[in-house]
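>>> Sequence unavailable; structure follows:
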């Protein structure tokens with residue numbers, strides 16, 4: 001991929017991350033565990049603990065990636081290798097952590113992706129604000145996944161080949 005294309009991809013990826021970071025920060029600043037747990041049972045409590053933990057991790061990964069992309073774009077001379085590694089990290093840590101959260105409070109069901117329905121399925125029915133934040137940022141992470149899918153396989157393969165030469 002040419003340096004100009006990598007630079008443009010860094011710019012668009014950074015803008016997309018900025019939008020989801022803002023949405024997650026607002027949600028996490030306005031919602032705490034007592035506000036989300038409406039039923040008084042252990043399963044609900046564990047669901048929301050995991051949900052909030054996953055969202056906080058996603059926010060941190062997204063913020064770190066946003067900063068690294070900013071560093072790549074601010075350098076006097078564009079460092080293609082640094083930028084590609086930053087894009088790989090967006091995919092590996094950000095996108096993958098969105099679609100495969102550690103606590104599995106939700107998951108993507110690919111069967112719904114082609115029907116126009118929401119592909120995200122929750123393990124337990126969440127309160128409206130929790131559902132809304134995930135549904136709101138899903139589209140951006142889907143776009144990031146499409147934009148950066150190259151970095152899942154081809155980037156690593158290229159790096160492995162460079163080390164063997």
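On my side now, so go ahead. If you're wondering where the values come from, they're calculated on a predicted model, not measured in any experiment. Numbering: from 1, shown residues only.
>>> Longest helix of this protein, counting residues only.
Secondary structure assigned by DSSP state H gives helix 42-74 as the longest helix of the chain.
>>> Quick check: residue 130 vs residue 92, distance?
Residue 130 is 25 Å from residue 92, where distance means C-beta to C-beta, to the nearest Å. C-beta coordinates here come from the backbone N, C-alpha and C atoms, glycine included.
>>> who's more crowded, the two?
Ranked by neighbour count (other C-beta atoms under 10 Å), residue 130 and residue 92 place residue 130 first, with 22 against 17.
>>> Could you list which residues are in contact with the more buried one?
Contacts were defined as C-beta atoms under 8 Å, 6 or more residues apart in numbering; by that measure residue 130 touches 31, 36, 48, 51.
>>> and the least confident of those residues?
Scanning the contacts of residue 130 for pLDDT, the low point is residue 36. It has 91.
>>> What is the burial count for that residue?
So residue 36, with other C-beta under 10 Å, has 18 neighbours.
>>> how close does the nearest residue to it once chain neighbours are set aside sit to residue 100?
Sequence neighbours aside, residue 48 is the residue nearest to residue 36 in space, at 4.6 Å (criterion: C-beta to C-beta, 6 or more residues apart in numbering). Separation of residue 48 from residue 100 (C-beta to C-beta) stands at 19 Å.
>>> So the two - more neighbours on which side?
residue 48 (25 against 11).
>>> What's the per-residue pLDDT of residue 160 here?
For residue 160, the pLDDT comes out at 65.
>>> With the one 4 residues further on instead?
What the model reports as pLDDT for residue 164 is 55.
>>> Buried residues of stretch 58-77, list them for me.
The neighbour-count check on stretch 58-77 (16 or more other C-beta atoms under 10 Å) flags 58-59, 61-66, 68-69, 72 as buried.
>>> I'd assumed residue 34 was in contact with the residue nearest to residue 36.
No: using C-beta atoms under 8 Å, residue 48 is not in contact with residue 34, being 9.5 Å away.
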